[in-house]
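any chance you could fold what I've pasted below:
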Amino acid sequence: MKAIHVTAHGGPEVLRSVDVDDPTPGPGQLAVRVGAVGINFIDTYLRSGLYPSQTPYVPGSEGAGTVVAVGEGVDESRVGSRVAWSDAPGSYAEIALVTAARAVPVPDGVSDPVAASALLQGLTAHYLLDGSAHPQGPTADTPGDTILVHAGAGGVGLVLTQMAAARGIRVITTVSTDAKEELSRTAGASEVLRYGDHVADTVRELTDGAGVAVVYDGVGADTFEQSLRSTRVRGTVVLFGAASGPVPPFDLQRLNGLGSLSVTRPTLANFVSDPDEFAWRSGEVMSAVAQGRVDVRVGNSYALADAEQAHRDLEARATTGSVVLIP
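Just a heads-up that it's a prediction; the model follows:
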């Protein structure tokens, strides 16, 4: 089969298409013919060496496809079924090995590219909204919270905005272009801002000087200062990515003067390690997608062999919505 190999850390040029043997499923595993592979920023962190990884390796952890074989201990009836996954290393390939217990059934009517994009981004949005922080919608006694979502037209940003808006939470986003602003507004953003040093001042104006309850920051170095300054007293900054680079060392004492703020740096793995919690979160995500309550927009598709260009475009912020490879 064809697969993408990384033999040394570096830029997108280290992503090479190679021929490798078809994998054989071990106990508790599925062999899945991949219909689509989800590309995520963590793939670029691992490729560059920002996050540790042992070379050589096949990148990717997310995808969707059709089961073609099962390992020992797995019901044979799963052959022929469609599944999606978010934590199967080596997914940039024509066939991937997936832990059966972590393979989520794909509902009828949900395409492989959408399913391949929905799970990781959907699970991330789900735990951000109901796990790492807990912004509230309106009640009979309160108007509800306002949140700020950076990269509002990215894959996670669009899903998070939809989920939050569905709860009545007011969403302010940041984007880089008019086209991305339109996407963000369609997802439910009440206000859409351009990146820059003015963001915090504008957020304060939009919230009568108070600031937002939660900032969701997947950009990192370029936005973190504005995130802090946009947050209300006793609010929370959720730093969940570093698309622009890692945040420099930070003096925690500043959180005092900024209003007793909290900063958290969560990761999805800690919110889906429990089987019951994983089943709950993944079930809610796939149900929302199947029922049309969450629209997962696949903005850019590339052939598997074009993984290098896909990474270049993603890192240049030249993509919108989800990015997939099609083997």
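
for the residue nearest to residue 222 when sequence neighbours are not counted, what are its contacts?
In space, and not counting its chain neighbours, residue 222 is closest to residue 244: 3.8 Å by Cβ to Cβ, 6 or more residues apart in numbering. Bear in mind the C-beta positions are built from the backbone N, C-alpha and C, glycine included. Applying Cβ atoms under 8 Å, 6 or more residues apart in numbering, we find residue 244 in contact with 219, 220, 221, 222, 223.

domain map for the chain?
Using automatic domain parsing, the domain parsing of the chain gives 2-122+274-326, 137-264.

quick one: classify the closest residue to residue 103 other than its chain neighbours as helix, strand or coil.
Leaving aside its sequence neighbours, residue 103 sits nearest to residue 83 (Cβ to Cβ, 6+ apart; 4.0 Å). Under DSSP: H, G, I helix; E, B strand; the rest coil, the three-state class of residue 83 is strand.

contacting residues for the most centrally placed residue in the chain?
Residue closest to the mean C-alpha point of the chain, counted by Cα atoms, centre = their mean, is residue 121 at 3.3 Å. By Cβ under 8 Å, 6+ apart, residue 121 lies in contact with 38, 40, 155, 156, 159, 296, 322.

what subset of those residues is buried?
38, 40, 155, 156, 159, 296, 322 (16 or more other Cβ atoms under 10 Å).

quick one on the thing from earlier: reformat the domains of the chain as JSON lines; add distance to residue 128 and mean pLDDT.
Shown next, in JSON lines, are these (distance: least, Cβ to Cβ, whole Å; pLDDT from 0 to 100):
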{"stretch": "domain 2-122+274-326", "distance to residue 128": "10", "mean pLDDT": "96"}
{"stretch": "domain 137-264", "distance to residue 128": "6", "mean pLDDT": "96"}
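
out of these, the one nearest residue 131 is which?
Smallest distance to residue 131 across the domains of the chain (Cβ to Cβ): 8.5 Å, for domain 2-122+274-326.

so what's the gap between the closest one and the chain middle?
12 Å (Cα atoms, centre = their mean, to the nearest Å).

and the nearest residue to residue 206 once chain neighbours are set aside, what is it in contact with?
Nearest residue to residue 206 in three dimensions, chain neighbours excluded: residue 191, at 5.6 Å (Cβ to Cβ, 6+ apart). Contact partners of residue 191, counting by Cβ under 8 Å, 6+ apart, are 172, 173, 206.

on the strand side of things, show who the first one bridges to.
It stands for residue 172. Note on residue 172: beta-bridge partners residue 148, residue 191, judged by DSSP bridges.

that one contacts residue 157, correct?
No: at 11.5 Å, residue 172 does not count as touching residue 157 under the criterion of Cβ atoms under 8 Å.

between the two, what contacts are shared?
residue 149.

looking at the two, which is more packed in?
residue 157 (29 against 25; other Cβ atoms under 10 Å).

element containing the more buried one, please.
According to DSSP states H and E, residue 157 maps onto helix 155-166.

likewise residue 325?
strand 322-326.

who does that strand pair up with?
strand 29-39 (antiparallel), strand 298-303 (parallel).

buried deepest among these, which one?
strand 29-39 (a mean of 25; mean count of other Cβ atoms under 10 Å).

just the C-alphas of it, formatted as PDB.
Output of strand 29-39 as PDB, limited to C-alpha atoms (Å, rounded to 0.1, in the frame of the first residue of the first chain):
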ATOM      1  CA  GLN A  29      -7.600  -4.300  16.200                       C
ATOM      2  CA  LEU A  30      -9.400  -3.500  12.900                       C
ATOM      3  CA  ALA A  31      -7.700  -3.100   9.500                       C
ATOM      4  CA  VAL A  32      -9.500  -0.300   7.800                       C
ATOM      5  CA  ARG A  33      -9.300   0.700   4.100                       C
ATOM      6  CA  VAL A  34      -9.000   4.500   4.600                       C
ATOM      7  CA  GLY A  35     -11.500   6.600   2.800                       C
ATOM      8  CA  ALA A  36     -10.300   9.900   4.100                       C
ATOM      9  CA  VAL A  37      -7.600  11.100   6.600                       C
ATOM     10  CA  GLY A  38      -8.100  14.100   8.800                       C
ATOM     11  CA  ILE A  39      -5.100  16.500   9.000                       C
END
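
tell me the SS of the residue of the chain most remote from its centre?
Using Cα atoms, centre = their mean, the residue of the chain lying farthest from its centre is residue 141. It sits 33.3 Å away. The three-state label given to residue 141 by three-state DSSP is coil.

check residue 69 too.
Relying on three-state DSSP, one would call residue 69 strand.

test my guess that it contacts residue 26.
No: taking Cβ under 8 Å as the definition, residue 69 is not a contact partner of residue 26, at 10.9 Å.

with neighbour numbers in mind, choose between those two.
residue 69 (19 against 13).

now the more buried one, which residues is it bridged with?
Residues in beta-bridge contact with residue 69 (DSSP bridges): residue 31.
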